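K.L.:
mind folding the following:
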Amino acid sequence: MTGVRTVDPTSIDVPAEASAQVESAGGRLARWTVGRRSQRAARDEAFTAFVVDAAPRLRRIAYLMCRDWHLAQDLTQITFTRMYAAWARIWPAANLDAYSRRVLINAVADTMKRRSRTELVLAEPPEPGVVAPAGSTELQVTLQRALAELPVRDRAVLVLRHWEDQSVDAVAEILGMTPSAVKMCSMRGLQRLRAALGEDFAAS
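P.N.:
Next comes the predicted model:
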């Protein structure tokens with residue numbers, strides 16, 4: 001009976017050229033993996049820095065839109081979650097400030113569709129100096145209530161124009177509107193605020 005001859009894999013003589021090709025491919029894969037990890041770490045670091053910088057601003061905008069600090073915090077988190085999902089695409093090419101405002105306003109609009117106006121209550125007193133022009137607390141609350149009565153688009157225009165001090169063109173870009181539409185919404189919104197607060201109200 002003929003015996004079966006076993007071969008020790010380590011004894012196989014692999015051509016030097018083939019061995020070099022395998023090692024080269026492995027090296028390229030390793031470098032690619034390291035590069036990908038480094039790139040991902042840089043993106044995450046940039047996202048974290050953006051969140052720290054943008055969170056107070058976005059939370060203030062969200063509060064002016066919904067008059068509920070807890071909901072404003074949730075809307076801010078929704079904004080960051082949506083942005084992180086698209087971060088590899090939008091960083092570093094996009095205008096992140098404008099992009100974050102657009103995502104937030106869209107999140108507010110989505111939420112308004114699901115919640116009745118009576119559910120959007122003033123949960124906490126406004127933070128001093130960040131949500132309204134100088135004046136009494138009563139004026140601030142009256143202003144916020146009047147603002148809450150506006151359509152979401154008009155409200156967004158007023159918040160971005162008169163609290164965030166964005167230009168007409170910037171607001172148009174953020175909301176996907178024409179500059180003339182922004183001006184019309186602003187004029188209409190200010191007229192309604194003046195009707196509620198009186199002609200002495202200064203919104204600029």
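
K.L.:
helices or strands next to the helix or strand encompassing Met83 in the packing?
P.N.:
Using DSSP states H and E, Met83 sits in helix 69-85. Here helix 69-85 touches helix 16-66, helix 96-114, going by 3 or more C-beta pairs under 8 Å, 6 or more residues apart in numbering; DSSP states H and E. Where C-beta positions appear, they are placed from N, C-alpha and C, glycine not excepted.

K.L.:
residues in contact with that helix?
P.N.:
47, 51, 55, 58-60, 62-63, 65-66, 90, 99-100, 103-104, 107-108, 111, 120, 123-124 (C-beta atoms under 8 Å, 6 or more residues apart in numbering).

K.L.:
and stretch 186-200, by the same measure?
P.N.:
139, 142-143, 145-147, 149-150, 154-155, 157-158, 161-162, 168, 201, 203.

K.L.:
for it, which positions count as buried?
P.N.:
Using 16 or more other C-beta atoms under 10 Å as the test for burial, stretch 186-200 gives Ser186, Arg188, Gly189, Leu190, Arg192, Leu193, Leu197.

K.L.:
want to throw those residues into TSV with pLDDT, secondary structure and distance to Ser180?
P.N.:
Formatted as TSV, the buried residues of stretch 186-200 follow (pLDDT from 0 to 100; DSSP: H, G, I helix; E, B strand; the rest coil; distance: C-beta to C-beta, whole Å):
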residue	pLDDT	secondary structure	distance to Ser180
Ser186	93	helix	11
Arg188	93	helix	13
Gly189	91	helix	15
Leu190	90	helix	16
Arg192	87	helix	19
Leu193	86	helix	21
Leu197	77	helix	26
